[in-house]
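[1] Need the 3D shape of this:
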Amino acid sequence: MFFVPLKVGDILDSWGIAVHKELKGNVLFPIHWGTFNVAIHPWDEPVKQVLKFAAQDKVKLCLPRPGEMVIWPDMEINSRWWEKVHLLVLR
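    The predicted structure follows:
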């Protein structure tokens with residue numbers, strides 16, 4: 001299993017999927033997104049785009065909650081933690 005951490009958010013996230021495939025990765029771990037709301041797009045937009053492009057290309061993702069331990073080789077995680085945070089922010 002080849003684990004690929006890639007920065008997403010300030011680039012078109014289809015590019016991240018393409019790089020992951022070029023590297024022949026097994027699990028993509030998007031990093032550096034959702035930390036601060038300083039971009040012109042909503043803070044959770046990068047992960048939504050990654051999910052969309054990953055589904056189209058059948059790419060496995062590792063999206064643990066912040067601080068969650070990930071144990072090799074069980075890397076395919078989609079906690080969707082940002083959806084719960086988003087609901088708290090809106091209340």
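[2] Excluding sequence neighbours, find me the nearest residue to the most centrally placed residue in the chain.
    Compute the mean C-alpha point of the chain, and by Cα atoms, centre = their mean the closest residue is Pro30, 3.7 Å away. Closest residue to Pro30 apart from its sequence neighbours, by Cβ to Cβ, 6 or more residues apart in numbering: Val8 at 4.4 Å. C-betas here are computed from N, CA, C, even on glycine.
[3] My read is that that neighbour contacts Leu28, right?
    No - contact criterion Cβ atoms under 8 Å: Val8 and Leu28 do not qualify, at 9.2 Å.
[4] More neighbours: which of these two?
    For Val8 versus Leu28, neighbours defined as other Cβ atoms under 10 Å are more numerous around Leu28 (28 against 23).
[5] show me what contacts the residue nearest to Pro30?
    Taking Cβ atoms under 8 Å, 6 or more residues apart in numbering, we find Val8 in contact with 16, 30-33, 46-47, 49-50.
[6] Quickly list what's touching both of Val8 and Leu28.
    Counting by Cβ under 8 Å, 6+ apart, the residues touching both Val8 and Leu28 are 16, 50.
[7] No more questions from me, cheers.
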